[in-house]
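**Q** Give me the fold of what follows.
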Amino acid sequence: MFHKILIANRGEIALRIIRACKELGIKTVAVHSNVDSESLHVKLADESICIGPAPSIDSYLNIPAIISAAEVTDADAIHPGYGFLAENAEFAEICGNCGITFIGPSPENMRLMGDKIQARQTVTKVGVPILPGTKEAVENIEQAKMVAADIGYPVIIKATAGGGGRGMKIVHSPASLPNAFAAARSEAKAGFGNPEVYIEKFCENPRHVEVQILADKHGNVIHLGERDCSIQRRHQKLIEEAPCPVLSPELRKEMGECAVAAAKSVGYSSVGTMEFLLDADHNYYFMEMNTRVQVEHPVTEMVTGVDIIREQIRSAAGLKLRYKQSDIVISGHSIECRINAEHPFKFTPSPGKIDGYHPPGGLGVRVDSAVYDQYTVLPHYDSMVAKLIVHADSRQEAVQRMARALDEYIIGGIRTSIMLHQRIMGNKDFCEGNFDTSFLEKLIL
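**A** All right, here's what the predicted structure looks like:
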């Protein structure tokens, strides 16, 4: 096992990793930008080191500074969390060359599954269904027009690299294709340094369902069931829950086995997530794989009792999985609300000092957050300030518990998305599990 892990991240995920390390008896190193010195992950780590100024490119994305910090503090492993360098194969490779373990999959796995075209080609070989689309990157608008006409509108243009909705454009007619194609390539280039895009059939108003997997370096792979991540805005998830309200036990088993087969086919190790679209007829299609821990991993932890971060660290250390598939039992229902520092309906950022802070508590309530009273939410980074997670025996009880917990949550001094979540918890369609990825647009119109 590792003796010291450097966490190349900030905020709640850095704190989450620190807690897992402490329970494993592993020392921790927090890195931070010069404006992040008062962050909770810095205060709770065993050591901390400043790696640069506020802009992410100069600090949390500064590979030489992070590697130097690991060498100076004698850390033998680096955990990247999510975002920043978590799916950067070059960073993982540099870690290995410097004798530092990257806590995540191999660089080869990240490159293969991080390229959405290659990932689609890979999973189809083991029978995982995909939407009709191109097998290679689409190079120009003439080719795009032919592909779209062949597939049939509507289509969606996607960046071959990256995620989070960037480089993604939905096209409903030939007239709008040229502008959408140019915009997608431009966004992909700006966001990921790679302008390549591909085109596939657009699945209208699907559910977004993802399967969590665990894999070790000995060929053992299991899944921990699925999460429904359909409540989202501009492809950014806002609410996640486990299990998916509409999956039958048979479909759950089939999707889980598909995810495991896909991971095994590439020799995957570490935690990962296979993301699918589920249409109105309950046909599912592979969308992409995330080769990192997900923001929404807590809902899976709540219904399975498995500490996903702990298992990720154990896997990176070369230990075998402690679980077989038969050990995994889904118990009850869990919901997570992402609490962002933003206007609840206009979605404009709201950084600033928190003046009064009271997190909710009680049975079945978990808050993953790195903020505290008088903490200043910085404008330089992602606006998420907390994840509020609840667990109950049934989905109805989980919705009621979340509504109660949201009522208790006080974050003064800034605007947050709490009011939006309260509205969602009181919505009849949401309460009945009747929603898809278009839900939020309909709710706030």
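**Q** Would you mark the buried spots in whatever helix or strand residue 402 lives in?
**A** Take DSSP states H and E as the rule and residue 402 turns out to sit in helix 395-408. For helix 395-408, a neighbour-count test (16 or more other CB atoms under 10 Å) marks 395, 398-399, 401-403, 405-406 as buried. From N, CA and C alone the C-beta is placed, and that goes for glycine too.
**Q** cool, stretch 196-209 as well?
**A** Neighbour-count burial for stretch 196-209, counted by 16+ other CB under 10 Å, picks out 196-203, 206-209.
**Q** measure that stretch end to end?
**A** Stretch 196-209 has its terminal residues 26 Å apart, counting by CA to CA, to the nearest Å.
**Q** elements contacting the longest strand that the chain contains?
**A** Longest strand in the chain, counting residues (DSSP state E): strand 221-233. If you count contacts as 3 or more CB pairs under 8 Å, 6 or more residues apart in numbering; DSSP states H and E, strand 221-233 packs onto strand 207-215, strand 236-242, helix 249-265, helix 297-304, helix 439-444.
**Q** Could you list the residues in contact with the helix holding residue 402?
**A** Under the criterion CB atoms under 8 Å, 6 or more residues apart in numbering, residues 241, 245, 332-335, 337, 358-362, 364-365, 388, 390-392, 418, 421-422, 425-426, 430-431, 433 lie in contact with helix 395-408.
**Q** If any of the residues you listed are buried, give me the ChimeraX selection for them.
**A** The following ChimeraX line selects those of the contacts of helix 395-408 that are buried, judged by 16+ other CB under 10 Å:
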select :241,332,333,334,335,337,359,360,364,365,388,390,391,392,418,421,422,425,430,431
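**Q** and the contacts of helix 395-408, which of them are in strands?
**A** 241, 333-335, 337, 358, 365, 388, 390-392.
**Q** how about the buried residues of stretch 196-209 in CSV, adding distance to residue 372 and pLDDT?
**A** Output for the buried residues of stretch 196-209, formatted as CSV (distance: CB to CB, whole Å; pLDDT from 0 to 100):
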residue, distance to residue 372, pLDDT
196, 43, 92
197, 42, 94
198, 44, 94
199, 46, 95
200, 44, 93
201, 47, 93
202, 43, 92
203, 42, 91
206, 39, 95
207, 36, 97
208, 32, 97
209, 35, 98
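**Q** tell me the two of these that are most distant?
**A** 196 and 207 (27.8 Å; CB to CB).
**Q** partners of the longest strand of the chain, with directions?
**A** Its sheet considered, strand 221-233 pairs with strand 207-215 (antiparallel), strand 236-242 (antiparallel) by DSSP bridges.
**Q** Can I get that strand in CSV, CA atoms only?
**A** C-alpha atoms of strand 221-233 as CSV (Å, rounded to 0.1, in the frame of the first residue of the first chain):
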residue,chain,number,x,y,z
VAL,A,221,-14.2,-6.6,-13.1
ILE,A,222,-17.6,-6.1,-11.4
HIS,A,223,-20.3,-3.5,-11.7
LEU,A,224,-22.1,-1.6,-8.9
GLY,A,225,-25.4,-1.1,-10.7
GLU,A,226,-26.5,2.0,-12.4
ARG,A,227,-27.2,5.7,-11.9
ASP,A,228,-29.8,7.8,-13.6
CYS,A,229,-28.3,11.2,-14.5
SER,A,230,-31.1,12.6,-16.7
ILE,A,231,-31.7,15.8,-14.8
GLN,A,232,-29.2,18.1,-16.5
ARG,A,233,-28.7,21.5,-18.1
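**Q** picking up where we left off before, could you export the strands paired with strand 221-233 to TSV, including columns for distance to residue 251?
**A** Shown next, in TSV, are these (distance: least, CB to CB, whole Å):
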stretch	distance to residue 251
strand 207-215	9
strand 236-242	15
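**Q** Which one, of those, ends up nearest to residue 38?
**A** Counting by CB to CB, residue 38 lies closest to strand 236-242 out of these; the figure is 26.9 Å.
**Q** where along the stretch 101-250 of the chain do the strands fall?
**A** For the stretch 101-250 of the chain, the strands defined by DSSP state E, counting those that start in this stretch occupy 101-102, 155-159, 169-171, 197-201, 207-215, 221-233, 236-242.
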